[in-house]
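K.L.:
Sequence first, then the predicted structure, then my questions.
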Amino acid sequence: MNILLIGSGGREHALAWAISASPLCDRLFVAPGNPGIAQIARNVDLKVTDHAAVIAFCRDENIGFVVVGPEAPLVAGLADDLATAGIKCFGPTKFPAQLEGSKGFTKDICAKYNIPTAAYGRFRDKAAALAYLDAHGAPIVIKADGLAAGKGVTVAMDMNTARAAVEDIFAAKFGSAECVIEEFLEGEEASFFVLTDGRNALPLATAQDHKRVGDGDSGPNTGGMGAYSPAPCMTPALCTEALETIVKPTIRALRDMEHPYVGVLFAGLILTKNGPKLIEYNCRFGDPEAQVLMMRLKDDLVTLLLACCDGALDKLSVRWLDDVALTVVMCAKGYPGDVMKGSEIRGLEGASAMEGVEIFHAGTTTKDGRIIANGGRVLNITARGATVREARDRAYAAVDRIDWPEGFCRRDIAWRALAREENR
Ligand code: AMP
Ligand code: GLY
């Protein structure tokens, strides 16, 4: 069948890489795609916010399956409109996509279904939000409701920071004058991915990412500076606990609301001393977690994604390579603040030819046949290895082959996993 993948980041390059290898895929189109994706699929210049245009393209190119990478089109109801047009789509419809689109929606489900998460208050009124802060004190966590590209969260260690965060939200800095204020939780974080057809849950592999921009997990939060899979802290027992106490009740909740969730449910967990707790849901694969999951996936991705849409997940299992996969995100200097676009990146061919290495593009473009930086997170240097150390050494050896003085990356991706491995 012909497949249309929506998106343009490193996650979509990794998904395109796996989809294009599927025996079920005849032609793969990616809208809008990026220069890395152009090497394995056909990029199409579609306005993804124009759902009628997407549907018209699917009819013209005989697309049998649409896979949505990022959250925004799902929150905007692309899956609903494709379903109405009779086109199969991987990714939840607008109502269940609120699990990512609205932190308040998720929190209310957690309360109703007794899903372990931080205690919280939900506010549309600034005075009430400030009063809640005063009543609970710091450390405390303030979140803008709605999509904010990972940047609408403040973990406030003192009251001044907390109050400033509330002021920012009600000054509509994040596009929504509504906030969730929640209890500060302590523990290691892990990303847990589950495919669901609305009824059955098929857990995928675990991963950990690095949200802070600087080495030693310092500096501001970002979309993700690197990731690895598996996450050694997610033992099989913790995976089962997260599945049973967090993910399955959520799937049941959406079914009870008669809006079953179809797609990948990405649970951001924090492993507290009282067990795993939900920090947030995303209604899509992680970026950069998808890059490492795809490097370890042994089975056919298209078969798995189609089974979600067909309500047939109970008939499937999924296998992973025992290898560790690790990705280092290379960013343009200045990220997560303002970045300079337009610098040239050299040496990608040599780097991607190294053993066990794949380079996924994110914010790149081309000019006269050269690769040019065109965003904040620009490249994902991804490697597989038998151990964390091997994967890490391979990824950084590839990073060092890349000639891009205007870029930077963290040098300590997987430090926790490496410490665990070497203390064994
Ligand atoms: P989110 O966008 O909700 O994933 O939050 C971004 C980051 O803020 C998370 O990855 C955590 O590191 C941190 N965070 C969010 N909620 C909490 C919480 N309740 N306690 C401690 N840290 C949190
Ligand atoms: N890496 C975290 C995310 O995709 O939201």
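P.N.:
Sure, I can see it. Residues are numbered from 1 along each chain as shown. Ligands and ions are numbered 1, 2, ... in the order given.
K.L.:
how about low-confidence regions in the protein?
P.N.:
Where the chain drops to pLDDT under 70, the residues are 146-151, 173-176, 424.
K.L.:
Spit out the contact partners of the spatially most central residue of it.
P.N.:
The centre of the chain sits closest to G286, judged by CA atoms, centre = their mean, with a distance of 1.7 Å. By CB atoms under 8 Å, 6 or more residues apart in numbering, the residues touching G286 are R11, S191, F193, A207, D209, G224, A227, F266. Every residue, glycine included, has its C-beta placed from N, CA and C.
K.L.:
ok, which pair from those is furthest apart?
P.N.:
Using CB to CB, those span at most 14.0 Å, a distance reached by F193 and G224.
K.L.:
Okay, buried residues for stretch 225-240 please.
P.N.:
M225, G226, A227, Y228, S229, P230, A231, P232, C233, M234, L238, C239 (16 or more other CB atoms under 10 Å).
K.L.:
In helices only, show me those.
P.N.:
L238, C239 (DSSP state H).
K.L.:
how about the buried residues of stretch 225-240 in a markdown table, adding distance to A131?
P.N.:
Converted to a markdown table, the buried residues of stretch 225-240 look like this (distance: CB to CB, whole Å):
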| residue | distance to A131 |
| --- | --- |
| M225 | 36 |
| G226 | 39 |
| A227 | 39 |
| Y228 | 42 |
| S229 | 42 |
| P230 | 43 |
| A231 | 38 |
| P232 | 42 |
| C233 | 37 |
| M234 | 38 |
| L238 | 36 |
| C239 | 39 |
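K.L.:
Between the buried residues of stretch 225-240, which sits nearest S317?
P.N.:
Using CB to CB, the buried residues of stretch 225-240 come closest to S317 at C239, 14.5 Å.
K.L.:
Touching, the closest one and A201? I think so.
P.N.:
No - if you go by CB atoms under 8 Å, C239 and A201 don't touch, sitting 11.4 Å apart.
K.L.:
near ligand 1, which residues of the stretch 151-300 of the chain show up?
P.N.:
Residues of the stretch 151-300 of the chain lying close to ligand 1 (CB under 6 Å from any ligand atom) are V153, V155, E182, E183, F184, L185, E189, K211, N221, G268, I279, E280.
K.L.:
Narrow those residues to those in strands?
P.N.:
V153, V155, E182, E183, E189, N221, G268, I279, E280 (DSSP state E).
K.L.:
Would you point out the most distant pair within the residues you listed?
P.N.:
The widest separation within those (CB to CB) is 18.4 Å, between E183 and N221.
K.L.:
returning to what we had before: out of the residues of the stretch 151-300 of the chain next to ligand 1, which are buried?
P.N.:
Here, 16+ other CB under 10 Å leaves V153, V155, E182, L185, E189, K211, N221, G268, I279, E280 buried among those.
K.L.:
I'd like to know how far the last one sits from ligand 2.
P.N.:
Note on E280: its distance to ligand 2, by CB to the nearest ligand atom, to the nearest Å, is 8 Å.
K.L.:
Report the contact partners of that residue.
P.N.:
Counting by CB under 8 Å, 6+ apart, the residues that E280 touches are E100, K103, T106, G268.
K.L.:
same check, this time on the second one
P.N.:
Applying CB under 8 Å, 6+ apart to V155 gives the contacts P139, V141, F184.
K.L.:
what about it, distance to ligand 2?
P.N.:
From V155 over to ligand 2 (counting by CB to the nearest ligand atom), the distance is 15 Å.
K.L.:
and that residue, bridged to which residues?
P.N.:
Applying DSSP bridges to V155 gives these bridge partners: V141.
K.L.:
secondary structure class for F29?
P.N.:
Recorded secondary structure, F29: strand (DSSP: H, G, I helix; E, B strand; the rest coil).
K.L.:
what about it, neighbour count?
P.N.:
21 (other CB atoms under 10 Å).
K.L.:
Would you reformat the ones in strands among the residues of the stretch 151-300 of the chain next to ligand 1 as CSV and include distance to R411?
P.N.:
Putting those into CSV (distance: CB to CB, whole Å) gives the following:
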residue, distance to R411
V153, 25
V155, 23
E182, 32
E183, 33
E189, 20
N221, 19
G268, 24
I279, 26
E280, 27
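K.L.:
Just name the closest of those to A312, please.
P.N.:
G268 (27.5 Å).
K.L.:
is it true that that closest one touches S191?
P.N.:
Yes - between G268 and S191 there is a contact under CB under 8 Å: 6.1 Å.
K.L.:
what about L418, distance to Y228?
P.N.:
For L418, the distance to Y228 equals 9 Å [CB to CB, to the nearest Å].
K.L.:
and for the two, which residues touch both?
P.N.:
Jointly contacting L418 and Y228 under the rule CB under 8 Å, 6+ apart are V388.
K.L.:
Can you name the next helix or strand after the longest helix belonging to the chain?
P.N.:
If you go by DSSP H, the chain has its longest helix at helix 388-401. For helix 388-401, the succeeding helix or strand toward the C-terminus, using DSSP states H and E, is strand 407-408.
K.L.:
Mind checking what helix or strand follows that following strand in sequence?
P.N.:
helix 415-422.
K.L.:
other SSEs contacting that following helix?
P.N.:
Contact here means 3 or more CB pairs under 8 Å, 6 or more residues apart in numbering; DSSP states H and E; on that basis helix 415-422 packs against helix 388-401.
K.L.:
Only C-alpha atoms, please: export the helix it packs on in CSV.
P.N.:
Coordinates of each C-alpha in helix 388-401 appear next as CSV, following Å, rounded to 0.1, in the frame of the first residue of the first chain:
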residue,chain,number,x,y,z
VAL,A,388,25.7,1.3,26.7
ARG,A,389,29.3,2.2,26.4
GLU,A,390,29.7,0.8,22.9
ALA,A,391,26.5,2.6,21.7
ARG,A,392,27.7,5.8,23.3
ASP,A,393,31.2,5.6,21.9
ARG,A,394,29.9,4.9,18.4
ALA,A,395,27.5,7.8,18.6
TYR,A,396,30.1,10.3,19.8
ALA,A,397,32.7,9.0,17.3
ALA,A,398,30.2,9.8,14.6
VAL,A,399,29.4,13.2,16.2
ASP,A,400,33.2,14.0,16.1
ARG,A,401,33.3,13.2,12.3
